[in-house]
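Participant: Provide a 3D model corresponding to the input given below.
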Amino acid sequence: MINKDDIQKLLNEALTDGADFAEIFLEDTTSKTTRALSGEIISINDSQTFGAGIRLLQGTDEVYGHTNDVSFESLQTLLNQLKPAFKGEAKTVTPLGDKKPYVYLIKKPHYTISNAERSAKLIELSNIIKTYDERIVQAVAMLLETEQKVWIANTNGLYQDDVRTYTRVILQAVAKEGENMQSAFEGPGRHMGFEIFDEIDCKALATEVAHSAILQLSAEDIESQVMPVVIHNGFGGVIFHEALGHPLEAVAIAKGLSPFVGKLGEVVGTPIVNARDNGTISTAWGSTNFDDEGYPTQDNVLIEKGVLKGYLVDPKNGAKLGLKHTGSSRRESYKYAPVSRMNSTFIENGTEDYQDIIKDTKYGLFAKKMGGGTVNPATGEYNFAVQEGYMIEDGKLTKAVRGAMLIGHGKDVLFKIDRIANNLELGQGMCGASSGSIPVDVGQPTIRVTSMTVGGSGGRK
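Facilitator: Numbers count the residues shown, from 1 in each chain. You can find the predicted model right below:
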């Protein structure tokens, strides 16, 4: 790996032809994926991502290049290929400072765990799913382990490293009865090592996944209608993440591709809505000590009592907007330039018991588990699948339904939230955008939306 003195030499050269900022991002990431299918280990795959990216800026214009050869000579060649993009006078480079310490709380690092130990865990979980019911035809248990080491240096004197350890358990059940086939999924992840199995009851989750898949076999197709929807906690927050979180990223705001452009200080939801993006939660799947430009992550307030308080800002787009960066620059790897992205984004707790919200709903849909969907970040228009849902009738959960799609507009949803419970949970996912795919948390307590369009195929002939 290239040393600090050589990094300084490269940065000294970077601003001689007109660029006014330069950054070098170095990465060494190891990953392992172990997969069990119906009680047997079918694959164990190891991979490594190793390389460097160089970014030059003149104002807010940017060029970026990357290489997997991190020798001084290779990086100098890459730099010389990028420098002609800008013309102008040489700029001053601030000498590199000292690194700030990063927090490392991993109790059971991946390298301390044998393949036999991780395989035994997955076989056990897969068998729990497989043996739950004879109608389970496929039982998947996967373990995804990643350790990302990064080093970041720039011409403002920043010099920082960080280690990100991610572990995620994927559980999936497929059930079949006649021609009817249904599936269910859970994917808990944490910023921790193998101790994830001490922190999360994966056996209970395996049983829950199997139960959900079996339940869907007898669920009825829901009819399309407009109705109140109670969206459960955890991954229910995916709607806020997609339809509201992305439009609050400065990369969208600076381009004018967001319904929230120029809305700071304005009312964007009901007074009970508070939302934030927090990159500092110690073991959260979406957290890091430092962002991918080397700045400490922050706990950023987005919405307070229904009023828009802030965006998620990276330095480049912050310069366009006249806003300070919020420690929100992220990228998948050295192959991508960083942009403003979310970490752990969620609606904050309310004060109610979620069961009381259901009891007070005369008729509607209880979206217990959300699935995937699509969104147009420029407008906030979305549609999301409900993985597990139930009708609410006279304040009680009745029949299970399937095929429900929640359709709407992000900025409208905030004005229709009239009840918020006190059971905040985070759900884990991978978020894709212009700077690649990154680990994020989505989350919320159980909420009630007074009116949503629910799509479905029930009642059709």
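Participant: what's downstream of the helix or strand of the chain with the lowest mean pLDDT, the next helix or strand?
Facilitator: Counting by mean pLDDT, DSSP states H and E, the chain has its least confident helix or strand at helix 410-413, which shows a mean of 90. Going down the chain from helix 410-413, the next helix or strand is strand 417-420, by DSSP states H and E.
Participant: for that following strand, packing partners?
Facilitator: In this structure, strand 417-420 makes packing contacts with strand 447-457, judged by 3 or more Cβ pairs under 8 Å, 6 or more residues apart in numbering; DSSP states H and E. From N, CA and C alone the C-beta is placed, and that goes for glycine too.
Participant: Give me the contact list for the strand it packs on.
Facilitator: If you take Cβ atoms under 8 Å, 6 or more residues apart in numbering as the criterion, strand 447-457 is touched by 221-231, 236, 347, 350, 357, 361, 364-365, 383, 401, 403-408, 413, 416-421.
Participant: Inside strands: which ones of these?
Facilitator: Among the contacts of strand 447-457, the members falling in strands (DSSP state E) are 221, 223-231, 347, 364-365, 383, 401, 405-408, 417-420.
Participant: Are any of the residues you listed buried, and if so which?
Facilitator: 223-224, 227-231, 347, 364-365, 401, 405-408, 417, 419-420 (16 or more other Cβ atoms under 10 Å).
Participant: all helices of the chain, in order?
Facilitator: Assigned by DSSP state H, the chain shows helices spanning 4-14, 72-82, 115-130, 196-199, 202-217, 238-240, 250-253, 315-321, 354-359, 410-413.
Participant: mind giving me TSV with the ones you listed and columns for mean neighbour count?
Facilitator: Below are the helices of the chain laid out as TSV (neighbours: other Cβ atoms under 10 Å):
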stretch	mean neighbour count
helix 4-14	18
helix 72-82	15
helix 115-130	19
helix 196-199	16
helix 202-217	20
helix 238-240	26
helix 250-253	25
helix 315-321	20
helix 354-359	17
helix 410-413	22
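Participant: Could you pull up the mean pLDDT of stretch 329-348?
Facilitator: The pLDDT scores in stretch 329-348 average 98.
Participant: Ok, stretch 176-191 next?
Facilitator: Here stretch 176-191 scores 97 as its mean pLDDT.
Participant: Look up phi and psi at the residue lying closest to P109 once chain neighbours are set aside.
Facilitator: Using Cβ to Cβ, 6 or more residues apart in numbering and skipping residues adjacent in sequence, the residue nearest P109 is G193, 5.0 Å away. Here is the backbone geometry of G193 (degrees, to the nearest 10): phi -100, psi -140.
Participant: measure G193 to N12 for me?
Facilitator: As for G193, its distance to N12 is 39 Å (criterion: Cβ to Cβ, to the nearest Å).
Participant: next one: S218
Facilitator: 69 Å.
Participant: do Y102 as well
Facilitator: 26 Å.
Participant: what's the answer for L257, then?
Facilitator: According to Cβ to Cβ, L257 and N12 sit 37 Å apart.
Participant: what's the answer for F235, then?
Facilitator: From F235 over to N12 the distance is 48 Å, taken as Cβ to Cβ.
Participant: now do K100
Facilitator: 23 Å.
Participant: Can you list the low-confidence ranges for the stretch 351-461 of the chain?
Facilitator: Counting by pLDDT under 70, the stretch 351-461 of the chain contains low-confidence residues at 459-461.
Participant: Spit out the contact partners of the residue nearest the centre of the chain.
Facilitator: Using Cα atoms, centre = their mean, the residue of the chain that lies closest to the mean C-alpha position is V440, 2.0 Å off. By Cβ under 8 Å, 6+ apart, the residues touching V440 are H241, W285, G286, R341, M342, N343, S344, T345, Q428, G429, M430, C431.
Participant: Apart from its chain neighbours, what residue comes closest to the fourth one?
Facilitator: Nearest residue to R341, sequence neighbours excluded (Cβ to Cβ, 6+ apart): R330, at 3.9 Å.
Participant: so the one you found bridges to which residues?
Facilitator: With DSSP bridges applied, R330 shows beta-bridge pairing to V339.
Participant: contacting residues around stretch 59-76?
Facilitator: Stretch 59-76 is contacted by residues 1-2, 6, 9-10, 13, 20, 24, 26, 50-56, 78, 81-82, 85-86, 316-317, 319-320, 334-337 when judged by Cβ under 8 Å, 6+ apart.
Participant: Let me know the pLDDT of the closest residue to L144 other than its chain neighbours.
Facilitator: Excluding the flanking residues, the one nearest L144 by Cβ to Cβ, 6+ apart is R168, at 4.4 Å. If you check R168, the pLDDT there is 98.
Participant: Now for R168: which residues touch it?
Facilitator: By Cβ under 8 Å, 6+ apart, the contact list for R168 reads L143, L144, G187, P188, G189, R190, W285, Q428, P439.
Participant: And it, how close does it get to E145?
Facilitator: Taking Cβ to Cβ, one finds R168 at 8 Å from E145.
Participant: T131: neighbouring residues, count only.
Facilitator: Close neighbours of T131, defined as other Cβ atoms under 10 Å, add up to 13.
Participant: now swap in G455 and tell me
Facilitator: 16.
Participant: Look up the residues forming beta bridges with the nearest residue to it once chain neighbours are set aside.
Facilitator: Leaving aside its chain neighbours, G455 sits nearest to M405 (3.8 Å; criterion: Cβ to Cβ, 6+ apart). Bridge pairing for M405 (DSSP bridges) gives the partners A385, G455.
Participant: And I438, by the same measure?
Facilitator: C431.
Participant: For it, give me its contacts.
Facilitator: By Cβ under 8 Å, 6+ apart, the contact set of I438 is G286, R330, R331, E332, R341, M430, C431.
Participant: For those residues, which PyMOL command selects only the ones that are buried?
Facilitator: Filtering those down to the buried ones (16+ other Cβ under 10 Å) takes a single PyMOL command:
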select buried, resi 286+330+331+332+341+431
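Participant: Domains in this protein, by residue range?
Facilitator: Using automatic domain parsing, the domain parsing of the chain gives 4-218, 221-457.
Participant: Give me whichever of those is most buried.
Facilitator: Compared across these, domain 221-457 shows the largest average neighbour count, a mean of 21 (mean count of other Cβ atoms under 10 Å).
Participant: Report the distance from it to the chain centre.
Facilitator: 11 Å (Cα atoms, centre = their mean, to the nearest Å).
Participant: End to end on that domain, go ahead and measure it.
Facilitator: Across domain 221-457, the terminal residues are separated by 6 Å (Cα to Cα, to the nearest Å).
Participant: Stretch 322-342 too?
Facilitator: With Cα to Cα as the measure, stretch 322-342 spans 20 Å from end to end.
Participant: which residues does S287 contact?
Facilitator: S287 makes contact with H191, N278, G279, T280, I281, T297, N343, S344, D441, according to Cβ under 8 Å, 6+ apart.
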